[in-house]
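[1] Next input, structure requested:
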Amino acid sequence: MKRTSLAATAALFLSALPLAAADLMIHDAYARVASPVAKAGAAFFEIRNPGDTADRLIDARSDVAKKTELHTHVMQDGVARMVQLEDGIEIPAGGAVLLQRGGNHVMFMGLTKPLPDGETVTVTLVFEKAGELTVEIPVDSARSADAAGHGHGGHTGH
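    Sure thing, here's the model as predicted:
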């Protein structure tokens, strides 16, 4: 009797859990720094959410920098400025969000080590509902913005 009750409780608990991080998919990720001696860098990628529940990217962590934040660019008095996204980034149900140069991105500030091309950066993405998703992102500082694909020339594999 006790086992049945425990199993029923466990099943109820598991059914109430939010969207699993495995349901969210990270595509075409890369990181870059402006120069080998730069103290800042950024990561770009597409987040796909094939599920029927929206989610929100609320934080990012990495040990390659003193601070890792979610950033975007805004125009102020005709000048583009980077600002932290305090409310995170909405990932719509059945949709995708592109983190790209000149837009939303993961910012590494105060790099603790060089990020040469070919290395990888471990980044833990924290989602409001899905929890944590750790990804290995290759460093490719020479990559042009157009080479990122996302519907532009150079993207294959759909």
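[2] Can you classify the residue nearest the centre of the chain as helix, strand or coil?
    The residue lying closest to the centre of the chain (Cα atoms, centre = their mean) is Leu125, at 5.4 Å. Under DSSP: H, G, I helix; E, B strand; the rest coil, Leu125 falls in the strand class.
[3] so where does the residue lying closest to it once chain neighbours are set aside fall, helix or strand?
    Using Cβ to Cβ, 6 or more residues apart in numbering and skipping the chain neighbours, the partner closest in space to Leu125 is Leu133 (4.8 Å). Glycine gets a C-beta too; all of them are placed from N, C-alpha and C. Element membership of Leu133 [criterion: DSSP states H and E] is strand 131-138.
[4] Ala34: neighbouring residues, count only.
    11 (other Cβ atoms under 10 Å).
[5] for it, what are its contacts?
    40-41, 141 (Cβ atoms under 8 Å, 6 or more residues apart in numbering).
[6] ok, now with 6 Å
    If you count contacts by Cβ atoms under 6 Å, 6 or more residues apart in numbering, Ala34 has none.
[7] How about Glu90?
    Arg56.
[8] Is it within a helix or a strand, and which one?
    strand 89-91.
[9] could you point out which element follows that strand?
    strand 95-99.
[10] Adjacent strands (with direction) for that following strand?
    Applying DSSP bridges, strand 95-99 is found paired with strand 40-49 (antiparallel).
[11] Could you list the low-pLDDT ranges of this protein?
    Across the chain, the ranges flagged by pLDDT under 70 are 1-22, 145-158.
[12] all strands of it, in order?
    25-33, 40-49, 55-61, 65-76, 79-84, 89-91, 95-99, 105-111, 120-127, 131-138 (DSSP state E).
[13] And for Lys67, nearest residue in space, chain neighbours not counted?
    What sits nearest to Lys67 in space, not counting adjacent residues and going by Cβ to Cβ, 6+ apart, is Met109, at 4.4 Å.
[14] Spell out which residues sit in contact with that neighbour, please.
    Contacts here follow Cβ under 6 Å, 6+ apart; on that basis Met109 touches 40, 65, 67.
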